[in-house]
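> A structural model of the following input is requested.
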Amino acid sequence: MTLSDLSKNQKAKIVALPKNFELAEQLLEQGFVPESVISLAHKAPWNGPMAFRLHNTKITLQQNLANQVIVDVI
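Residues are numbered from 1 along each chain as shown. Predicted coordinates:
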């Protein structure tokens, strides 16, 4: 399952980041660390950006990037 598959307010743990080193590095700098708990706060229509709750803050990602972050539902 990926971040883009989450339902609103559904909690999950981050399992794996994208294989692309630069993308993974950017996500790590934003707090997307494996084993961190994350949930979907908002999903814009028409494949727009998605907002996630992570470490008591909201972070927005484009859906194509959210498709590359693997999670396990809690």
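> most distant residue from the centre of this structure?
residue 46 (17.9 Å; Cα atoms, centre = their mean).
> can you pull the pLDDT of that one?
We have a pLDDT of 89 for residue 46.
> so it sits in a strand?
No. Under DSSP: H, G, I helix; E, B strand; the rest coil, residue 46 sits outside any strand and is assigned coil.
> okay but residue 48 is in contact with residue 63, surely?
Yes. Counting by Cβ atoms under 8 Å, residue 48 touches residue 63, with 7.4 Å between them. All C-beta spots, glycine's among them, are computed from the backbone N, C-alpha and C.
> distance-wise, check the residue farthest from the centre of the chain relative to residue 37.
28 Å (Cβ to Cβ, to the nearest Å).
> residues in contact with stretch 42-53?
3-4, 8, 38-41, 58-63, 66 (Cβ atoms under 8 Å, 6 or more residues apart in numbering).
> walking through this structure, point out its strands one by one.
For the chain, applying DSSP state E gives strands covering 11-16, 37-43, 50-54, 57-61, 70-73.
> of those strands, which is nearest residue 31?
strand 50-54 (5.5 Å; Cβ to Cβ).
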